[in-house]
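**Student:** model the following, please.
(chains A and B)
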Amino acid sequence: MLAPSLAGFALFLLTPIVVVVALSFFDWNFLSDPEFVGLDNYRELAGDERALQSIGNTFYYVLLNIPAQTVLALLLALALNAKIKARNTFRVLYVLPWMAMPVALGVIWRWLFDPVNGGLNKFLALFGIDGPSWLTDSAWAMPVIASVNVWQYTGYTMLFFLAGLQSIPTELYEAADVDGAAPAYRFFKITLPLLRPAMLFVLITSVIGSFQVFDTIHVMTAGGPDGATSTLNYQIFLESFTQRSAGYGSMLAVVLFAIIAAITLAQVVFFRKRTVYDFS
Amino acid sequence: MNKTRAAALAALAVAAPLGLAACGGDDDGAVVLRYAFWDDNQRPAVEAMIAAFNETHPDIEVELEQNPWDDYWPGLDTQFAAEDAPDVFWDHVSRFPTFAANGVLLPLTDQIEESGLDTSIYPAALYDTWTFEGEQYGLPKDWDSIALVYRLDALEAAGVDPAEVQGLTWNPVDGGTYVELLQKLTLDANGDNALSPDFDSENIVQYGTAMGSSTGQTDWWNYGVQNGCALQTEPWGEYAIDAPECVEALQFTADLYNKWNVAVPAEVTNQPNGGPPADYVISGQAATALDGSWTLSAYRDGIDAGDWAVANLPTGPVGSGTVINGLSHAVYAGTEHPDEAWEFVEFLGSEEAQRIAAESGSVWPGVASLNGAFADYWAGEGIDVTGFQEAAEGTAIGYPLSMNDAAFGTAALDEFNQVWLGQKDAQAAAEAVVELANAE
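**Tutor:** Have a look, this model is predicted:
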């Protein structure tokens, strides 16, 4: 069983990774033979304002995306873990955006955020508010993209918190009730510590996904205005396939890989230090 | 093939579709040619030409591969890298230099000579575009230019005589009769036009014009050429759009948005999010647009006959020209069927094939004698298309030929979008574009 899946891993994951790392030392335009340039691509990065801006954009996006998405998902999970009416219907509704095609959603959101004909500004106009040009204003474009993705992935993230909440033994809450613990105390002393495994999983996967954001940006702004929404992943696409600089794009991919690996490692180390509760 | 290329190909082999079968012959001995193109508007004409080709070449099967413009070029690049590209494909002037210099195009010089093809049926400038270092890399498919497309119903409502539209002039100082017309056609919710003292620029319901071009071809390049801007130092040379006459044209374009308020706002039309200009004219948000001859069928299908027309471009300080362009049919250097591919390209370049495209109003044909057939088709639709021919005369220049088209295109879109939004100075933007585009 292991051998065939290992072959797939080697062919579809390991080989492309090795080739991308190799290509990052070459100059290649797809059309003629690659030319070995050593570390030139990496040196060039230091003076490439657009690429440096895209690294900044990536962190900005992650900061806009992850805290909002995680907190909202946790609050939703708490609400939907309580005994409320039509609980299952709500759970499904919140997960629906995650099931939809990001590209299709992007097209619809793009229309909603259209400055003149868009639904949002027409709605704001009812209250006499002159809405900004959401996607062509460099101050607004990234927050808009981040909010669309928060909206799309919150329900999905919520599922993991929900599963985490349901694995917390109810005896702990009963004991807290006996001791007369306040709700906030129960949350910070019981719920949050015991959600640590779920939190670790959610943060690692969503931070990785967030660093790799592409489809929403491609459909809604194509990296504009003036590079304001071009994340590192989008810059890889632009350099490789618009500018035909496959070697330079590969170098950016290696940089992105290194950033993600470092941050994931930091998260694992941070969470591993903490106590693990075992109630089995 | 050297080792590095083999390593690079290993990666692409993983990603590339396994379309190798298409390179081989069919069981019944028929040769299959892959033919790639992008424009959906032209698909009916393309299919009709293939049908005509098969009447004389029943043993060659043509497989169409259609991708929209934005996906077409990256797709071709990866297919070249995987050495699995379509045998015959549409080529564009902006991509031609890089393709030719990197050896992915099959030189057709010998085939043209052996077949005794009379190349004088094509305008010399159109034919010579596809020459690189003494070799011919394609036969002209069509040519295109820009003219002024306008809504007759909007003109009537504004009380403007259509004859006035033929002789418009513009200048960077007071805008001239061109801007005056656009002001008359820019209306607020109360029906006051932009010349009226009561005009409310916050509530515009119809704009004089719509712009929106990812290259500049249907917007500022026109004002540039009309102001003496050559875009490049010379064909194949450096980009030179920071010259005063170019910056003046850029500023004039920005003024149409922000000073005169006569263009659908850049927040809406900036590429790649905005629609093509035709969208805004068809929907009635704009009364005119400078637009390409290849877009005529969109207007035909979107506006009632009799409600729109085509006029000459306005005349600027230097002239009334535009940037003319054309496409060619190219053959992939790695094709397994060079003979059949040449037969197909020769047919596509023939009068017989191009008559099909011209008579359906698809595109201006590469074969000069067929221009009348295209004009006749549109005359039958009530549209006088001589504006496109006028624009191609006089001060008109060819599409920029450069190895750095990709860098120029990306930089221009980034920078000029900011200029149209009124957030960047035209001079600074032009300098930034020139620096990036000439760097490689």
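**Student:** pLDDT at residue 35, what is it?
**Tutor:** I'll assume chain A. At residue A:35, the model reports a pLDDT of 91.
**Student:** um, chain B though
**Tutor:** 97.
**Student:** try residue A:72
**Tutor:** Confidence score, pLDDT, at residue A:72: 95.
**Student:** same check, this time on the one 3 residues further on
**Tutor:** What the model reports for residue A:75 is a pLDDT of 94.
**Student:** can you count the residues close to it?
**Tutor:** Each residue near residue A:75 was counted by other CB atoms under 10 Å in any protein chain shown, and the total is 13. Where C-beta positions appear, they are placed from N, C-alpha and C, glycine not excepted.
**Student:** what separates it from chain B, distance-wise?
**Tutor:** To chain B, residue A:75 is 33 Å away according to CB to the nearest CB, to the nearest Å.
**Student:** before we move on, which element is that residue in?
**Tutor:** helix A:49-81 (DSSP states H and E).
**Student:** tell me what that helix is packed against?
**Tutor:** helix A:87-99, helix A:141-166, helix A:196-211, helix A:232-237, helix A:246-272 (3 or more CB pairs under 8 Å, 6 or more residues apart in numbering or on different chains; DSSP states H and E).
**Student:** rerun at 7 Å
**Tutor:** helix A:87-99, helix A:141-166, helix A:196-211, helix A:232-237 (3 or more CB pairs under 7 Å, 6 or more residues apart in numbering or on different chains; DSSP states H and E).
**Student:** could I get those as CSV with mean neighbour count?
**Tutor:** CSV is the format used below for the helices and strands packed on helix A:49-81 (neighbours: other CB atoms under 10 Å in any protein chain shown):
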stretch, mean neighbour count
helix A:87-99, 14
helix A:141-166, 21
helix A:196-211, 18
helix A:232-237, 23
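**Student:** re the thing from before, list the buried ones in the helix holding residue A:75?
**Tutor:** A:50-51, A:53-55, A:57-58, A:60-62, A:64-66, A:68-70, A:72-74, A:76-77, A:80-81 (16 or more other CB atoms under 10 Å in any protein chain shown).
**Student:** repeat that for stretch B:403-420.
**Tutor:** B:404-420.
**Student:** report the buried residues of the strand or helix carrying residue B:344.
**Tutor:** Using DSSP H and E, residue B:344 falls within helix B:338-348. By neighbour count with 16+ other CB under 10 Å, helix B:338-348 contains the buried residues B:338, B:340-348.
**Student:** toward the C-terminus, what is the element adjacent to it?
**Tutor:** helix B:351-359.
**Student:** avg pLDDT for that following helix?
**Tutor:** Rounded mean pLDDT across helix B:351-359 is 94.
**Student:** and that helix, what does it pack onto?
**Tutor:** helix B:43-56, strand B:364-365, helix B:371-380.
**Student:** quick check: which of those is nearest to chain A?
**Tutor:** helix B:43-56 (23.0 Å; CB to the nearest CB).
**Student:** list of residues touching the closest one?
**Tutor:** B:37, B:62, B:64, B:66, B:344, B:347-348, B:352-353, B:356-357, B:360, B:362 (CB atoms under 7 Å, 6 or more residues apart in numbering or on different chains).
**Student:** try stretch B:125-135
**Tutor:** B:93, B:96, B:100-101, B:107, B:109, B:119, B:136-138, B:140, B:143, B:326, B:328, B:366, B:398.
**Student:** ok, these vs chain A, which is closest?
**Tutor:** Once CB to the nearest CB is applied, the member of the contacts of stretch B:125-135 that ends up nearest chain A is residue B:101, at 8.5 Å.
**Student:** the closest one touches residue B:403, doesn't it?
**Tutor:** Yes: with contact defined as CB atoms under 7 Å, residue B:101 reaches residue B:403; the gap is 6.5 Å.
**Student:** could you give the number of residues near residue A:246?
**Tutor:** 26.
**Student:** next, the angle from the helix holding residue A:75 to helix A:246-272.
**Tutor:** With axes from the mean of the first three to the mean of the last three CA atoms, to 10 degrees defining the directions, helix A:49-81 sits at 40 degrees from helix A:246-272.
**Student:** roughly how far does the residue of chain A most remote from its centre sit from residue B:353?
**Tutor:** For chain A, the C-alpha farthest from the mean C-alpha position belongs to residue A:178; by CA atoms, centre = their mean, that distance is 40.9 Å. For residue A:178, the distance to residue B:353 (CB to CB, to the nearest Å) stands at 89 Å.
**Student:** before we move on, what about residue A:120?
**Tutor:** On the measure of CB to CB, residue A:120 and residue B:353 end up 49 Å apart.
**Student:** for these two, indicate the residue with more neighbours.
**Tutor:** Neighbours were counted for residue A:120 and for residue B:353 using other CB under 10 Å; residue B:353 has more, 25 against 17.
**Student:** any idea whether the spatially closest residue to residue B:278 that is not a sequence neighbour is helix, strand or coil?
**Tutor:** Excluding the flanking residues, the one nearest residue B:278 by CB to CB, 6 or more residues apart in numbering or on different chains is residue B:298, at 4.6 Å. Assigned with DSSP: H, G, I helix; E, B strand; the rest coil, residue B:298 falls in the helix class.
**Student:** and the stretch 201-350 of chain B, which residues reach chain A?
**Tutor:** Residues of the stretch 201-350 of chain B lying close to chain A (CB under 7 Å from any CB of the partner chain) are B:265, B:267-268, B:270, B:272-273.
**Student:** now with 8 Å, please.
**Tutor:** Taking CB under 8 Å from any CB of the partner chain as the contact definition, the stretch 201-350 of chain B meets chain A at B:265-268, B:270, B:272-273.
**Student:** got the phi/psi numbers for the closest residue to residue B:334 other than its chain neighbours?
**Tutor:** Nearest non-adjacent residue to residue B:334, counting by CB to CB, 6+ apart: residue B:83, 5.3 Å away. For residue B:83, the backbone dihedrals (degrees, to the nearest 10) come out as phi 50, psi 40.
**Student:** neighbours around residue B:83, how many?
**Tutor:** Residue B:83 has 18 nearby residues by other CB under 10 Å.
**Student:** do I have it right that it meets residue B:332?
**Tutor:** No: counting by CB atoms under 8 Å, residue B:83 stays clear of residue B:332, with 9.3 Å between them.
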